[in-house]
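Novice: just a sequence and a predicted model for now, questions to come.
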Amino acid sequence: MATTTSPRGRRRAPSRIGRAAGKAAALQKPRVILALLLLLALTSVMLLDGYLRAEVGGDERVRTGASSDKVPDKVLDGGPILTFRGGQATTVSVPARTIALTFDDGPNPTWTPQVLEILRKYDIPATFFLVGSMVSRYPGIVKDMVDDGNEVGIHTFTHVDLSYQSDARVDREMQQTQLALAGAAGITTTLFRAPYSSETDAIDNYSWPVYQKLGEDGYTSVFVDTDSDDWKKPGVSKIIQWATPEDGKGASVLFHDAGGERSQTIAALPQYIERMRAKGYTFTTISGVLEKENGGGGGGASATGTTGTAPPSGTTPVGDTASPLQAAHREATGVTLYEGKALIAAVTLAEWTVPTLSAGLMIVGVAVMGRFGMMLVLARRHYRKRNRRRFSWGPEVTRRISVIVPAYNEKECIANTLESLAQSTHPIEVIVVDDGSTDGTSEIAREAATRLGMDNVRVIRQENAGKPAALNNGVRSASCDIVVMMDGDTVFEPDAVHQLVQPFADPGVGAVAGNAKVGNRNTVIGAWQHIEYVMGFNLDRRMYDLLRCMPTIPGAIGAFRRDAVLQVGGMSEDTLAEDTDITIAMHRAGWQVVYQEHARAWTEAPGSLKQLWSQRYRWSYGTMQALWKHRKSLTDKGPSGRFGRVGMPLVVLFQIVTPVFAPLIDVFTVYSMIFVDLRAALLAWFAVLGVQLLCAAYAFRLDREQYRYLWMMPLQQLAYRQMMYLVLIHSCITALTGGRLRWQKLKRTGEVGTPAGAS
């Protein structure tokens with residue numbers, strides 16, 4: 001055994017490294033927070049969209065058959081307009097041969113504009129009782145409605161039966177609708193109609209307190225004298241018949257401009273207006289009825305004087321010169337106006353975001369399923385091709401090769417690593433490059449080599465310069481034309497080296513990826529990573545091998561032609577993923593990179609979530625760095641261009657874009673489970689899980705792994721995968737903000753012993 005000290009490699013003072021690492025860690029915290037804020041923003045947008053559609057906080061209960069003994073008889077027998085002048089309940093009837101034309105449930109982008117066009121044609125006003133969520137979604141229609149001289153009232157924000165709701169919910173329904181009106185048309189209103197209400201004789205002991213409370217708040221509640229029942233779609237003639245008052249009486253008449261298909265309403269409305277005019281009827285609004293009741297005679301009364309109620313806070317009356325058609329409206333000012341505009345802006349964002357995300361979900365779903373299908377097909381083809389009896393890379397490679405082991409503070413693992421190499425069935429020299437360890441790694445390596453009788457081991461010490469520098473030092477010091485690179489925490493199976501170097505019988509092969517296995521798989525985190533290694537990594541490598549665009553030789557087990565490594569400039573320090581960087585460089589230099597499934601190594605995976613985050617963050621960010629570094633391959637010719645136009649798009653699509661947007665699947669699944677259809681969402685989720693289980697089971701079969709670990713896969717989908725999403729999003733934010741991240745050493749335990757023990 002020989003021991004040397006190399007002066008080569010970039011020197012870094014440990015104190016500077018500590019300060020740099022601390023600074024880097026400090027810079028990462030804001031990016032983690034930003035990643036979490038993006039996730040929170042997405043969740044908030046979806047909740048807002050669900051609330052607008054009454055899928056969040058919706059309540060479809062409708063009370064029927066309740067007693068009304070606590071409701072005053074004068075209210076039950078009174079007119080359709082209920083006010084609380086001076087704190088006393090007062091009802092107002094519509095004058096004879098007068099129709100207060102009202103519409104509920106709008107606005108609707110299809111039907112409401114058609115209703116407004118008919119009203120313009122016949123030059124008559126109407127009162128629209130609007131659902132706040134619909135107002136916030138279609139503010140332009142409401143503005144047109146008000147500009148035309150029509151009157152608007154509140155029909156709650158989510159169309160709920162207020163008799164079931166708390167006082168706080170009632171206030172929220174009213175206030176949110178007022179804000180929506182303020183943002184849409186710059187006004188608020190004193191008119192209210194309860195969802196599912198009809199004539200005043202339907203007021204019961206549960207709804208009466210609601211009307212009293214709203215009356216105290218300054219609202220006028222509006223009911224119905226005559227109902228067209230157009231929502232039943234009985235036909236045009238029936239709608240006209242049912243909407244016609246009896247014996248020339250006045251009436252508050254109900255139609256609907258939303259809430260369903262309203263083509264019959266649109267067809268009936270012009271005929272109805274013409275027929276009522278032929279009978280001598282005039283059309284007015286609710287404020288017009290109150291104006292006549294107060295003896296206003298057609299104008300001049302102030303808004304407050306018209307209704308006898310105080311305006312909601314945050315608004316001002318329209319003024320003494322206001323038209324009766326606008327008497328119930330208040331001009332929104334100050335905070336109310338700005339909050340209303342903010343609400344409309346937020347809803348607009350949600351209205352654009354959720355459909356866009358839905359489309360993205362479809363694209364991601366197709367890409368994910370396409371990837372699974374492609375992996376299964378190509379992995380099967382790869383297995384059959386490489387495991388045929390007559391398959392051969394060429395003459396058996398038996399010459400001596402160099403094994404390079406970069407090590408930094410690997411006292412727990414380095415002895416096990418050397419012990420596994422001592423059992424190698426292939427002639428090797430071992431070069432341990434101690435990268436400035438402070439835990440006695442080099443001494444332990446020398447002692448282990450002596451104990452094992454390994455006279456083919458050299459230990460090279462260098463000042464701490466990083467893993468790429470340690471590997472380059474080992475390559476320069478190697479005496480063989482083929483070098484195998486492994487991590488200091490990895491153990492090889494006895495025939496791993498022999499299997500790994502056989503593809504070099506083909507002179508076009510420049511690098512070979514081995515089959516890395518998780519050794520500490522008997523913990524939950526270890527089992528999750530075991531599934532990921534077998535399914536995600538090795539199936540991918542089979543696919544990329546056949547497509548001749550494998551992006552990464554794993555650091556745990558990989559082999560290279562020494563001259564090819566030197567040709568591309570060695571292991572680069574430009575990125576955190578030196579293994580991905582050099583693999584792409586090999587492709588660009590014209591070398592073929594292949595996967596050798598029978599060369600197995602056992603590695604110690606991170607044992608805690610914190611260490612796992614650090615490792616995957618480095619991998620993800622380093623991969624992005626490597627892709628950006630080699631972006632010119634997109635326009636190159638020859639082998640470089642092949643990787644750029646085949647390999648790089650696949651890596652970007654499957655390892656960055658799809659995983660970044662894959663959380664949409666989980667977000668929409670949870671959203672659907674809670675707010676839409678629990679059964680359908682669960683079926684869809686289990687269907688996707690079934691496809692993933694199928695792929696995983698096939699991958700386990702190819703690698704001859706035990707299926708029992710697949711029982712952990714559902715839990716992996718619920719917990720582990722979400723963490724990987726956040727890691728990737730964090731990496732993307734770091735890349736976009738130009739952040740830098742140092743190579744990080746993970747804490748090792750030495751759990752992975754000899755290959756036989758690991759098996």
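Specialist: Received it, and whenever you're ready, just let me know what you need. Residues are numbered from 1 along each chain as shown.
Novice: the bottom helix or strand of this protein by mean pLDDT?
Specialist: Ranked by mean pLDDT, DSSP states H and E, the weakest helix or strand in the chain is helix 303-307, scoring a mean of 34.
Novice: does the nearest residue in space to P139 that is not next to it in sequence lie in a helix or a strand, and which?
Specialist: Of all residues not flanking P139 in the chain, A184 sits nearest, at 3.4 Å (C-beta to C-beta, 6 or more residues apart in numbering). Every C-beta, even on glycine, is put in place using the N, C-alpha and C of the backbone. A184 belongs to helix 167-185 when assigned by DSSP states H and E.
Novice: quick one: name whatever helix or strand follows that helix.
Specialist: Counting by DSSP H and E, the next helix or strand C-terminal to helix 167-185 is strand 187-189.
Novice: which neighbouring elements make contact with that next one?
Specialist: strand 151-154, helix 167-185, strand 329-332 (3 or more C-beta pairs under 8 Å, 6 or more residues apart in numbering; DSSP states H and E).
Novice: A626 is nearest to which of the ones you listed?
Specialist: helix 167-185 (48.0 Å; C-beta to C-beta).
Novice: picking up where we left off before, mean neighbour count, the helices and strands packed on strand 187-189: which tops it?
Specialist: Most buried of the helices and strands packed on strand 187-189, by mean neighbour count (mean count of other C-beta atoms under 10 Å): strand 151-154, with a mean of 28.
Novice: list the strands paired with the helix or strand harbouring R600, with their directions.
Specialist: Under the criterion of DSSP H and E, R600 resides in strand 592-603. Sheet pairing of strand 592-603 (DSSP bridges) gives strand 490-492 (antiparallel), strand 509-518 (parallel).
Novice: which of these sits most buried?
Specialist: The most buried one of the strands paired with strand 592-603 (mean count of other C-beta under 10 Å) is strand 490-492, showing a mean of 28.
Novice: C-terminal to that strand, what's the next element?
Specialist: Assigned by DSSP H and E, the successor of strand 490-492 is helix 496-501.
Novice: so how far is that following helix from its chain's centroid?
Specialist: Its chain's C-alpha centre and that of helix 496-501 lie 43 Å apart, by C-alpha atoms, centre = their mean, to the nearest Å.
Novice: give me the mean pLDDT for it.
Specialist: Computed over helix 496-501, the mean pLDDT rounds to 97.
Novice: pull the CA atoms of that helix into PDB?
Specialist: C-alpha atoms of helix 496-501 as PDB (Å, rounded to 0.1, in the frame of the first residue of the first chain):
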ATOM      1  CA  ALA A 496     -19.600  -5.400  -9.700                       C
ATOM      2  CA  VAL A 497     -16.400  -4.100 -11.100                       C
ATOM      3  CA  HIS A 498     -16.100  -7.000 -13.600                       C
ATOM      4  CA  GLN A 499     -19.700  -6.500 -14.800                       C
ATOM      5  CA  LEU A 500     -19.300  -2.700 -14.900                       C
ATOM      6  CA  VAL A 501     -16.300  -2.700 -17.300                       C
END
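Novice: name the residues of stretch 469-486 that come out as buried.
Specialist: 469-475, 477-478, 480, 482-486 (16 or more other C-beta atoms under 10 Å).
Novice: that should have said stretch 90-102, apologies.
Specialist: In stretch 90-102, counting by 16+ other C-beta under 10 Å, buried: 90-95, 98-102.
Novice: most widely separated two among those residues?
Specialist: T90 and L101 (22.7 Å).
Novice: would you agree G340 is in contact with L179?
Specialist: Yes: counting by C-beta atoms under 8 Å, G340 touches L179, with 4.4 Å between them.
Novice: in the chain, which residue sits furthest out from the middle?
Specialist: D247 (60.7 Å; C-alpha atoms, centre = their mean).
Novice: so it, which of the three states?
Specialist: coil (DSSP: H, G, I helix; E, B strand; the rest coil).
Novice: tell me the pLDDT of it.
Specialist: Confidence score, pLDDT, at D247: 88.
Novice: against A96, how distant is it?
Specialist: 9 Å (C-beta to C-beta, to the nearest Å).
Novice: N538 is nearest to which of the helices and strands packed on strand 187-189?
Specialist: Across the helices and strands packed on strand 187-189, N538 has its closest neighbour in helix 167-185 (53.5 Å, C-beta to C-beta).
Novice: from the chain's centre, how far out does that closest one sit?
Specialist: 29 Å.
Novice: what segments of the stretch 51-200 of the chain are helices?
Specialist: With DSSP state H, counting those that start in this stretch as the criterion, the stretch 51-200 of the chain has helices at 73-76, 112-122, 132-137, 139-147, 167-185.
Novice: if we can go back for a sec, got phi/psi on the residue farthest from the centre of the chain?
Specialist: phi 50, psi 40 (degrees, to the nearest 10).
Novice: where does pLDDT dip in the stretch 551-700 of the chain?
Specialist: 662-664, 675-676 (pLDDT under 70).
Novice: what ranges do the helices span in it?
Specialist: For the stretch 551-700 of the chain, the helices defined by DSSP H, counting those that start in this stretch cover 562-567, 578-588, 609-629, 638-642, 648-652, 658-661, 663-675, 678-702.
Novice: tell me which strands and helices the fifth one is in contact with?
Specialist: In this structure, helix 648-652 packs against helix 609-629, with contacts taken as 3+ C-beta pairs under 8 Å, 6+ apart.
Novice: tell me the buried residues in the helix it packs on?
Specialist: Buried, per 16+ other C-beta under 10 Å, within helix 609-629: 611-627, 629.
Novice: what do you get for stretch 522-540?
Specialist: Buried residues in stretch 522-540, counted by 16+ other C-beta under 10 Å: 525-540.
Novice: what about the protein, any weak spots by pLDDT?
Specialist: Applying pLDDT under 70 to the chain picks out residues 1-32, 34-36, 38-39, 42, 46, 50-60, 295-326, 662-664, 675-676, 735-759.
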